[in-house]
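Trainee: build me a model from this:
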Amino acid sequence: MARDRACLGRPRRARANPDSHGDRVARVRRYRDHSRRPRGPPTLTKCYELLGFLAVRDGAAASRDELLIALFDARDDESARSYLRKTVIGVRRLLPPEAISVSAEGRVALSPEIVLASESVRLERQLAAAARLQGSDLVTATEHALAPLQGGEYFPGIRSAWVDDRRGQLTELATTARAAAADAAYAANQYPRAQRLAAAVLAADPLREGTWRTLMRIHSAIGNYDGVITTFAQCEKALRAAGIAPAASTRTLLDRLRR
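Mentor: This next block holds a predicted model:
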């Protein structure tokens, strides 16, 4: 994915918007969790990582155990705990002192007056909004939402457990959205667009048999009957590699579409 940004700093009045809590927005500095690895010493990199972790929690506090599991691969030794403390201190230096709190139980939370404007969270919201549309509107909105993914992976170069999990979530979300957009583009007779989307889905997940069927229908619609047969063969090969046979509905579609 392209990058995540957080606009951070002292709260100031601003017009309400979908990314703000109430009408207060914090703004001073941006960080990226996509396309470019954060520069600086390891502690600074962990600061950005902690901010990214808190961003996807939408204001919920994180316990010390949750942070150690997510950011330090479940290590619970003195070294990891010390690094976590330094990371929290580092975030406090990036933000106003009152922006982050640590409870007596060790729970870390951002002030409600601090808004993290995360592109990955925005992606989730925009894809949810796109899914409520139909036809060409759904396709256009989905492609617009997915555009930041062209910039690179989520938090490049970082291999913390939560980052790996988050990458997987975003990949699955994007693939599912593209599959729906491919179906919508096909239904709207936008065959080149549908073919491009379907190909992207299958490159990410060749076991999506429903998208193989969509691609077969696209080839049939443009009169490429050899493409129908070739697509079925590719589907069969991909499924066989996973020990799966094509569904009866896929074979039935092949018989109906080929000439």
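Trainee: and the pLDDT at the most centrally placed residue in the chain?
Mentor: What sits nearest the mean C-alpha location of the chain, by C-alpha atoms, centre = their mean, is Leu170, with 2.6 Å. Leu170 is assigned 95 on the pLDDT scale.
Trainee: secondary structure element for Met101?
Mentor: Just so we're on the same page, residue 101 is Ser rather than Met. Element membership for Ser101 (DSSP states H and E) is strand 100-102.
Trainee: average model confidence for the next helix-or-strand element following that strand?
Mentor: Counting by DSSP H and E, the next helix or strand C-terminal to strand 100-102 is strand 108-110. The average pLDDT for strand 108-110 rounds to 92.
Trainee: ditto for stretch 44-60
Mentor: 87.
Trainee: phi first, then psi, for Gly157.
Mentor: Note on Gly157: backbone dihedrals following degrees, to the nearest 10 are phi 90, psi -10.
Trainee: tell me the pLDDT at it?
Mentor: 81.
Trainee: I'd say Ala131 and Ala177 touch.
Mentor: Yes - applying C-beta atoms under 8 Å, one finds Ala131 in contact with Ala177, separated by 7.1 Å. Every C-beta, even on glycine, is put in place using the N, C-alpha and C of the backbone.
Trainee: settle it for me: which of these two has more neighbours?
Mentor: Ala177 (24 against 17; other C-beta atoms under 10 Å).
Trainee: picking up where we left off before, what pairs with the strand holding Ser101, parallel or antiparallel?
Mentor: Applying DSSP bridges to the sheet, strand 100-102 is found paired with strand 108-110 (antiparallel).
Trainee: what's in contact with the partner strand?
Mentor: 50, 54, 59-62, 64, 67, 88, 99-103, 116 (C-beta atoms under 8 Å, 6 or more residues apart in numbering).
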